[in-house]
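Enquirer: can you look at this prediction? I've put the sequence above it.
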Amino acid sequence: MKKNNFTKAIKILHLWLGLSSGIIVFIIAITGCLYAFQEEIQNYTETYRFVESKNEPFLLPSQLEKIARKELPNKSLHAIEYNSSEEAAEAIFFHYEPSYYHIVYLNPYTGEVLKNVNMEEGFFRFILDGHFYLWLPHKIGQVVVASATLIFLILLLSGLYLWYPKNKNARKQRFSFKWKKTTKWKRKNYDLHNITGFYVLLIALIFAITGLVWGFNWFAYSYYKVLGGEKTLVYEDPISDKKTIAATNPIDKVWLLMQKEYPQAESIEVHPPENDSTTIAANANPDAGTYWKMDYRYFDQYTLEEKEVNHIFGKYKDAAVSDKLMRMNYDIHTGAALGLPGKIFAFLISLLIASLPVTGFFVWWNRKKKQKS
């Protein structure tokens, strides 16, 4: 009797959490689908991101910096990123308050401005805002989306409990679709919800957990500690020694050092110091399709002495397993960790996840109609 009461309680919990969050989960999943191949689509449609390869050295960061700042003189230059010999260099202008995000695409050989793009506009930015913020003001939208994701996590676990077959006869219908011509639509919808939910469960849990890492600081911290993490998740820029004499063209020297030490890197990014106390941050990525293997390094802007950090964004060789998992969060969430096949898989799973609130709603609607009749 107690077990039956517990099952009823789980059913009620699953029902009302599903009804309250269903539309949000649907939007998050659909926008995730639409964003899955944004990189491939943009590579195909945005021709200004590519240049003719030349057997010449790239212009130095200080040279590209001067050109880029003329395009956006009143905005803060966050970084200059060099990509492959056939890709444009990117001068990234980014700031939280006031909020803006622009990329000036430059020919790395000549310094020609190819395009100045406002990254807060366009189709994929619209889709990303829906996925992260539900098109609400960011401070509100993040909490709403994160809360819905947490509810979705509970729905997955409660759904697994309700799915688990209580007898041998029910098991046959929980793993595969066995419909006959006479099978009613209500039964088909019920099976779609239950069987699809079971098969997407593991990946959906991964999507939910990696999404919650961005959604709630307390979740990210707890998740990292459970993984055995010992560093901090808070990004802190090391301090430069202002008492020393400033180096000449320090950003160029850091870039040349990174280029020498990472000859096989697919992208190298250097960050001009934000003020007279911060370091010159630089990173090198051996795989342009992912982010987790990047080496992050920091240099005193006056002495060029390298500074060590105690957060997870340091050198890859110094990262523990827990650090790597946190650094992989984006690549796991998007499927990029497994390359294009992973993105295709993530797209299909997201589509199936989007179907769950729909089929779940009709399960409830059909039962409600039956109770009235």
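Expert: That came in fine, so what should we check first? The shown structure was predicted, so the numbers you read here are calculated from the model rather than taken from an experiment. Numbering: from 1, shown residues only.
Enquirer: show me the strands in the protein, by range?
Expert: In the chain, strands defined by DSSP state E lie at 77-82, 89-95, 100-106, 113-118, 267-271, 280-285, 295-299, 306-307, listed in chain order.
Enquirer: which one of those lies nearest to residue 167?
Expert: strand 280-285 (53.4 Å; Cβ to Cβ). Using the backbone N, CA and C atoms, a C-beta is placed for each residue, glycine as well.
Enquirer: tilt between that closest one and strand 267-271?
Expert: Strand 280-285 runs at 170 degrees relative to strand 267-271, counting by axes from the mean of the first three to the mean of the last three Cα atoms, to 10 degrees.
Enquirer: mind giving me the packing neighbours of strand 280-285?
Expert: Here strand 280-285 touches helix 250-261, strand 267-271, strand 295-299, going by 3 or more Cβ pairs under 8 Å, 6 or more residues apart in numbering; DSSP states H and E.
Enquirer: which ones are touching residue 290?
Expert: Applying Cβ atoms under 8 Å, 6 or more residues apart in numbering to residue 290 gives the contacts 328, 331, 336-337.
Enquirer: would you turn the residues you listed into JSON lines with neighbour count, pLDDT and distance to residue 230?
Expert: As requested, the contacts of residue 290 are arranged in JSON lines below (neighbours: other Cβ atoms under 10 Å; pLDDT from 0 to 100; distance: Cβ to Cβ, whole Å):
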{"residue": "328", "neighbour count": "17", "pLDDT": "97", "distance to residue 230": "17"}
{"residue": "331", "neighbour count": "20", "pLDDT": "96", "distance to residue 230": "22"}
{"residue": "336", "neighbour count": "21", "pLDDT": "94", "distance to residue 230": "27"}
{"residue": "337", "neighbour count": "18", "pLDDT": "94", "distance to residue 230": "23"}
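Enquirer: and residue 47, which of the helices and strands packed on strand 280-285 is closest to it?
Expert: Ranked by Cβ to Cβ, the member of these that lies closest to residue 47 is strand 267-271, at 19.1 Å.
Enquirer: quick check: residue 282 touching residue 272?
Expert: No. Between residue 282 and residue 272 no contact is recorded; they are 10.6 Å apart, counting by Cβ atoms under 8 Å.
Enquirer: quick one on the thing from earlier: quick one, which of the helices and strands packed on strand 280-285 is nearest to residue 232?
Expert: Across those, the minimum distance to residue 232, taken as Cβ to Cβ, is reached by strand 295-299, at 13.9 Å.
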